[in-house]
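K.L.:
I would like to see how this sequence folds:
(chains A, B and C)
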Amino acid sequence: MAKGRIVVDETLCKGCELCTSVCPKDLIRMAMDRLTPKGYHPAMLVDPDGECTGCAICAVICPDSAITVYRLVPAEKVRTPTA
Amino acid sequence: MAKELLKGNVAFAEAAIRAGCEAYFGYPITPQTEALEHMAKRMPELGRVFLQAESEVAAINMVYGAACAGVRVMSSSSSPGVSLMMEGLSYIAGSEVPAVLVDIMRGGPGLGNIAPSQGDYNQIVKGGGHGDYHPVVLAPASVQELIDFTVEAFDIAEKYLCIVIILADGSLGQMMEPAELPEMKKVRSVKERPNWALTGARDRDPNIITSIYMDPLVEEELNRRLMAKQAKIEANEVRFRELMLDDAEIAVIAFGTSGRVAQSAVKTAREEGIRVGLLRPISLYPYPYERVRQIAGKVKEILVVEMNSGQMLGDVRIGNEGRVPISFYGRQGGVIPLPDEVLEEIRKIQSRINASE
Amino acid sequence: MAEKEWIETLIYTKSGSLTELGTHYCPGCTHGISHRLIAEVIDEMGIREDTIGIAPVGCAVFAYDYFNMDFAEAAHGRAPAMATGLKRVNPDKIVFTYQGDGDLASIGAAEIMHAAGRGENITVIFINNAIYGMTGGQMAPTTLPGQRTTSTPLGRDIEVHGFPLRMCEILSQLDGSAYVVRRSLHNVANIRRAKKAIRQAFEVQRQGLGFSMVELLSSCPTNWGMSADEALTWIEEHMVEAYPLGDYKVSPSIAVTKKDEGR
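P.N.:
Predicted coordinates for the structure are as follows:
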């Protein structure tokens, strides 16, 4: 099971592809089969083997705050969200 | 309060303080520098803000910033410095925040000189900066009026969320005469600032103050709002003084220092039996067109006297609507006309009237 | 042994100091990153309700639509003067300007210089992308020698257009400057350093130590004619050399900042 996952807000994503270039596991692809309301191909997580660690590097470089990141955290370490 | 001997520049600065001015930003320029110096001393004494800016460009933008915070704020300058403020004034007008400015005019164009002039009429009264806007403009003719109009300027600026400019000249700024200052008004607390002010979005939605509207229809809406405001100002804020116009055949129209000079000439002419009166517009915007129209319906000729090449003349023509002949007497470049020079013009007009009868 | 309990936790989401509106910036433009970093710092410091921002003229002219706080829009280059007026009558508020290279280093050179010289207790976020974005890619005061823009179609010729201005180097010379540093947004590590610097700058203001400015080397993929990724590489390969990263002025009062952190 993946330790992390991301959700791309397709109303914000502009398809700049910066997230695809920084993902350490190379798990982000552009969805070439659809367009966002602004007319861009949005980024999406492609993680068939459950490799995403929820490291949030993609969110750090995203200029549009389009990426929300979740991570499985040991119950005793749950903290408030920051980047 | 008792009358005291006051210099114009000091008088309006102190009047502003007593009207509750919380911040002053300015740059030294003759012949208004005493105002800045008075503020430099008095504002810190009272725990208020005085700052000598690096330029008039910066000064007016500091005024803009403080105005956005909802405080009573002002600047003062003289002609070349006021030219530098035009950009900021346009932004203030477009953002609809209240601000007060005193222009102690001097001879120009260019660097000109430091002598009294009325050469900024068009720049100040017709807007000056880019875009469609009108500041309210008040023209005093004495140190007392300089005081009274400065106090009133803050109220008008806040009432209409607009710019009010006191348009005076170097002679008023430098002149000493007895005048009475108002009582000290209490400065508003932060909590009493208007609800549109930038004070931090605590327990409310953010306030945004801007003058950019990319959609022409939205920009037009702003312009229409400004026009509606101007209509109210034109209905409520017209001010003028007049003298011996009831039976006059000749009306002299002059503002500020020219008006004061013209008043002496009119009185002497009356002693000579010439039926002449004076209209002295106080509000140059809104201009007393209606009063000019009424006067033009009663007199035979109008004489406009200005310390420029005839800038208010255009407004008199608008009010006159072609009814009677208008002549102009002006001195330029920092020269104040003498009462005798104006008297001579009045006599010439009287002779013309006599000859035609 | 009992199985360890895992909880899916929100690690990162859009800052509460930003509005929900998407920006009008071009895809991959680093303005969005700068906005985010500022907003996150404001969140972390808990100062959103006490912060007043000032937007520039340039691509960030509508910054007030994106920040969820009181904001004013300045005339071109005059943001430091406007911030001065606002701060002087709101001394307990945090006031920051957000300015591009044309706004700050060209038309507003006098205003920024004197705000720094006065030690004006404001924070300036300076976006240096070596070009005029909003008007369509003309030469900026920070355009590199040889760099092609629409007003230097053959490349910036120093014989004609002179040399770029290095604002951190200039402003750090002034006694009123408390914190003047240059960071870059060209990769994740540098973005993280940039955020720390922005935090430091706001702390400097909160403590009333004087003028603070963070210059951020930024990209303009559209007007540089590159992809977003290529543009970040261009920052690294060309801009960082011309505009060295680092701490140019750190007031002795800010002992906690490690010297040369950004290098």
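K.L.:
what's the following helix or strand after the lengthiest helix in chain B?
P.N.:
The helix that spans the most residues within chain B, counting by DSSP state H, is helix B:216-236. Counting by DSSP states H and E, the element after helix B:216-236 in chain order, helix or strand, is strand B:240-243.
K.L.:
Contacts made by the helix or strand immediately after that following strand in the chain with the rest, please.
P.N.:
Per DSSP H and E, the first helix or strand lying C-terminal to strand B:240-243 is strand B:250-253. For strand B:250-253, contacts defined as Cβ atoms under 8 Å, 6 or more residues apart in numbering or on different chains pick out B:245, B:262, B:265-266, B:274-281, B:292, B:295-296, B:299-305, B:312, B:316, B:342, B:346, B:349-350, B:353. Glycine gets a C-beta too; all of them are placed from N, C-alpha and C.
K.L.:
who's in contact with the next helix or strand after strand B:250-253?
P.N.:
Sequence order places helix B:256-271 as the next helix or strand after strand B:250-253, per DSSP H and E. Applying Cβ under 8 Å, 6+ apart, the contact partners of helix B:256-271 are B:116, B:118, B:139-142, B:167-169, B:171-172, B:241, B:243-244, B:252, B:254, B:276-278, B:280-281, B:305-307, B:336-340, B:342-343, B:346-347, B:350.
K.L.:
and with 6 Å instead?
P.N.:
B:139, B:141, B:169, B:171, B:252, B:254, B:276, B:278, B:280, B:305-307, B:337, B:339, B:342-343, B:346 (Cβ atoms under 6 Å, 6 or more residues apart in numbering or on different chains).
K.L.:
For the very next helix or strand once past that helix, what is the distance to the chain centroid?
P.N.:
With elements assigned by DSSP H and E, the helix or strand that comes after helix B:256-271 is strand B:276-281. With Cα atoms, centre = their mean, to the nearest Å as the basis, strand B:276-281 stands 18 Å off its chain's centre.
K.L.:
Now do the helix or strand that strand B:276-281 is followed by: which elements does it pack against?
P.N.:
As assigned by DSSP H and E, the chain's next helix or strand after strand B:276-281 is strand B:283-285. In this structure, strand B:283-285 packs against strand B:136-138, with contacts taken as 3 or more Cβ pairs under 6 Å, 6 or more residues apart in numbering or on different chains; DSSP states H and E.
K.L.:
What strands line up against the strand it packs on, and which way round?
P.N.:
strand B:163-169 (parallel), strand B:283-285 (antiparallel) (DSSP bridges).
K.L.:
Residues in contact with that strand: which ones?
P.N.:
Counting by Cβ under 6 Å, 6+ apart, B:124-125, B:149, B:156, B:164-167, B:282-285 sit against strand B:136-138.
K.L.:
One more pass at 7 Å, please.
P.N.:
Applying Cβ atoms under 7 Å, 6 or more residues apart in numbering or on different chains, the contact partners of strand B:136-138 are B:124-125, B:149, B:153, B:156, B:162, B:164-167, B:233, B:237, B:282-285.
K.L.:
Now stretch B:307-326: average pLDDT?
P.N.:
Mean per-residue pLDDT for stretch B:307-326: 98.
K.L.:
Repeat that for stretch B:46-55.
P.N.:
Per-residue scores along stretch B:46-55 average to 98.
K.L.:
pLDDT weak spots in the chain?
P.N.:
By default, I'm working from chain A. By pLDDT under 70, the weakly predicted segments of chain A are A:79-83.
K.L.:
I was thinking of chain C, sorry if that wasn't clear
P.N.:
Judged by pLDDT under 70, chain C has its weakly predicted residues at C:1-2, C:255-263.
K.L.:
With the flanking residues excluded, which residue is spatially nearest to the residue in chain A that chain C sits nearest to?
P.N.:
At 3.0 Å from chain C, A:Pro63 is the closest residue in chain A, using Cβ to the nearest Cβ. With Cβ to Cβ, 6 or more residues apart in numbering or on different chains as the criterion, A:Pro63 has its nearest non-adjacent residue at 3.0 Å, and that residue is C:Gly32.
K.L.:
Please name the residues that touch B:Tyr289.
P.N.:
Going by Cβ under 7 Å, 6+ apart, B:Tyr289 touches B:318-319.
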